[in-house]
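> A predicted structure for the sequence below; I have some questions about it.
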Amino acid sequence: STKATCQPATSKILFLSPLASLKRRAVAMSFIVVGRYLLLVLLAVSSSSVTRAFQSPSYGFLPRNHGSVLRMAGKGFGKQAPPPPPPPSPKKEEEEQPPIQVQSTMSSGSQTSSSPPGARAPEPEMNEGQKELARMRRERAEQRDAELRNLRELRNTDAQVKEQPAAIPEKVANRMGARALPFVGIPIFGGMGAFVLFWYLATYKDLEFEPSLVAATTIGLLVVGLAGITYSVMSTSWDEDREGTFLGTEEFSRNVDNLKAGFGRSKQNAILRDKMDQMDEDEIERALRDLERRENSQDKKSEWMQ
């Protein structure tokens, strides 16, 4: 009977021993899992504190109790750290700026009010490009006015020529004829007389002359006579009220200059006539009226300044 009672007890102990080992193993595993979890939590907390220690103390990322930590940080380690200055708010900056603008506007208003009512505001200073552009416009306007004046003179001259055809005045023509006698008649008659003299000496005096000498003498005198025609016309005073000098050297130089100016003026007149052909008569009349109005206003302004 004792053997029978011992066998079920031993079998029961043998059956319970695996269950106990399993329980112990489960408890150990749970402790291990909990320990790992706590270790991870501690590592996370320590890493966050380390990263916060190396971060810049910006106000946007500080916790709410950071101010108290900073206030308590100086206890036991010297003087208490001064509190950081508060950052300037944009509202205060906006409030500070308007009074300056108001002051500037008030100062400008006081300046304008202090200036007399009839005074003009000072014109802004022009830069180099604007000055050059203004100069080019002024030169172009002056050139156009000069062309319009030449056009007006040309139209007046054409009108006068239509009424009275161009002709040499009677006094000037008589003056040219009187000057042509010595400068033309003497060389031509001298050439003819030289030819007769050579013939007489060769025929009656038996003198021999080279034919080239006779030809050079007679032809030279004829050339001088032909040149005298031009000089007699050019050395005459073309002014009816002025007689001129005896040789006419001053009148010759003056008349040559007049001819040069006349050639240049004829070239300009040809250019103006081409422009007139390209423009309408109404447009020409309008431009001439504008020029006359500007000249009258300028004359009145100069008289007022005087």
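In hand now; what should we look at?
> so where's the stretch 101-250 of the chain uncertain?
In the predicted model, the stretch 101-250 of the chain carries pLDDT under 70 at residues 101-124, 165-166.
> mind running it again at 90?
Within the stretch 101-250 of the chain, the stretches with pLDDT under 90 are 101-185, 205-209, 228, 230, 232-250.
> Verify the stated contact: residue 179 with residue 232.
Yes. If you go by Cβ atoms under 8 Å, residue 179 and residue 232 touch, sitting 4.3 Å apart. In this view, the C-beta of every residue, glycine as well, is placed from N, C-alpha and C.
> Find the nearest non-adjacent residue to residue 190, please.
Excluding its sequence neighbours, the residue lying closest to residue 190 (Cβ to Cβ, 6 or more residues apart in numbering) is residue 221, at 4.9 Å.
> didn't the one you found look like it was pressed against residue 187?
Yes. Assessed by Cβ under 8 Å, residue 221 is found in contact with residue 187 at 5.0 Å.
> What separation do you get for residue 156 and residue 288?
11 Å (Cβ to Cβ, to the nearest Å).
> For these two, indicate the residue with more neighbours.
residue 288 (15 against 10; other Cβ atoms under 10 Å).
> For that one, which non-adjacent residue is spatially closest?
Leaving aside its sequence neighbours, residue 288 sits nearest to residue 152 (Cβ to Cβ, 6+ apart; 5.9 Å).
> now the strands for the stretch 151-300 of the chain?
Read by DSSP state E, counting those that start in this stretch, the stretch 151-300 of the chain holds no strands at all.
> Show me where it has its helices.
170-180, 186-204, 211-234, 249-278, 281-305 (DSSP state H, counting those that start in this stretch).
> Please work out the angle formed by the directions of the first one and helix 249-278.
Yep, that's helix 170-180 we're talking about. If you take axes from the mean of the first three to the mean of the last three Cα atoms, to 10 degrees, helix 170-180 sits at 130 degrees to helix 249-278.
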